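need a 3D model of the sequence below.
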Amino acid sequence: MASTEVDIKKLLEAGAHFGHKSSRWHPNMAPFIHSKRDGSHIIDLTKTVEHLEEALDFLEQVANEGKQVLFVGTKRQAHDITKAAAEATNMPYVVERWLGGMMTNRTTIGGRIKHLKDLEEKMENGQLAAKYSKLEVQRYQEEIDAMNHIYGGIKDMAVKVGAVYITDIVHEANAVREAKKLGVPVVAIVDTNGDPTTVTYPIPCNDDAIKALKLVTDYVQAAIESGKAKHAKKADKPDKGESEAPKTETTEK
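Residues are numbered from 1 along each chain as shown. Next comes the predicted model:
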């Protein structure tokens, strides 16, 4: 079980149960819908708790194995929440625009990131300032800033991450497709208009309310932090043979 226990009252207070209008629903979300109110679907929060805890258990294990979790949240409501949680856990993230191939075309994306890192290194050690005019150096800095805006969150992303956490599968459909193509498990918030069968660990929940997005992402952050702590503990623990000091024989005189 994951170290973090989900509080159904907090989900209710955050408005996690409010789905989209019933006319926009996806039939595959039927098992997660409790009822209909004023033309909108209401999500069954007992199912949310069940699936969220399952997802947290998985994410904790991923972090415990020393693997990365890629955070994806490019829509306005999710941008700051996603970035803050990813930075807090030192995980890669995409919160601006998802560029095609961010996961599947590592040759092209990797080349752009290498170029960015080379420019940053040359800017930092003074090579650019020594070779170019102030105006040219300023233009290089603008290029660095523009590239960081797009690629900054994935500069240190592994070739293949252990999992992807997505805040809205409809908005981030390209990320879902690329992860699926690579066989990378996806943990995702799925509102009543999404298809939960497209992801590995669907979390039935309102994907528009900022409070709900933050609450679920806070749980995700806590699970990853717990897993990372366990991984660090394992790494620091010496082998049995190393932990025991060698015994020396003493001879009585």
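
list of residues touching the helix or strand hosting residue 54?
Per DSSP states H and E: residue 54 is located in helix 45-64. Residues outside helix 45-64 that contact it (C-beta atoms under 8 Å, 6 or more residues apart in numbering): 1-6, 8, 11-12, 16-17, 31-32, 34, 69, 89, 162-163, 165, 185, 187, 201-205, 216, 219-220, 222-228, 230-231, 234. No exception for glycine: its C-beta is placed from N, CA and C like everyone else's.

what's stretch 153-166 in contact with?
In contact with stretch 153-166 (C-beta under 8 Å, 6+ apart) are residues 58-59, 62-63, 65, 67-73, 83, 86, 92-95, 102-103, 106, 109, 113, 116-117, 148, 172, 175-176, 179, 182, 184-189, 199, 217, 220.

apply the buried test to the residues you listed and list what passes.
58-59, 62-63, 67-73, 83, 86, 92-95, 102-103, 109, 113, 116, 172, 175-176, 179, 184-189, 199, 217, 220 (16 or more other C-beta atoms under 10 Å).

how about the backbone phi and psi for residue 7?
Main-chain torsions, residue 7, degrees, to the nearest 10: phi -100, psi 110.

roughly how far apart are it and residue 13?
Here residue 7 is placed at a distance of 9 Å from residue 13 (C-beta to C-beta, to the nearest Å).

kindly report the same for residue 119.
According to C-beta to C-beta, residue 119 stands 46 Å off from residue 13.

more neighbours: which of the two?
Neighbours per residue (other C-beta atoms under 10 Å) separate residue 119 from residue 13, with residue 119 holding more: 18 against 12.

who's in contact with that one?
Contacts of residue 119 were listed using C-beta under 8 Å, 6+ apart, and they are 128, 140, 143-144, 147.

try it again with 6 Å
Going by C-beta atoms under 6 Å, 6 or more residues apart in numbering, residue 119 touches residue 144.

quick one: which helix or strand includes it?
Using DSSP H and E, residue 119 falls within helix 106-124.

so how far is that helix from its chain's centroid?
In terms of C-alpha atoms, centre = their mean, to the nearest Å, the gap separating the centre of helix 106-124 from the centre of its chain is 22 Å.

just stretch 148-168 next, same as before
Centroid separation for stretch 148-168 versus its chain: 7 Å, with C-alpha atoms, centre = their mean.

okay then, goodbye and thanks.
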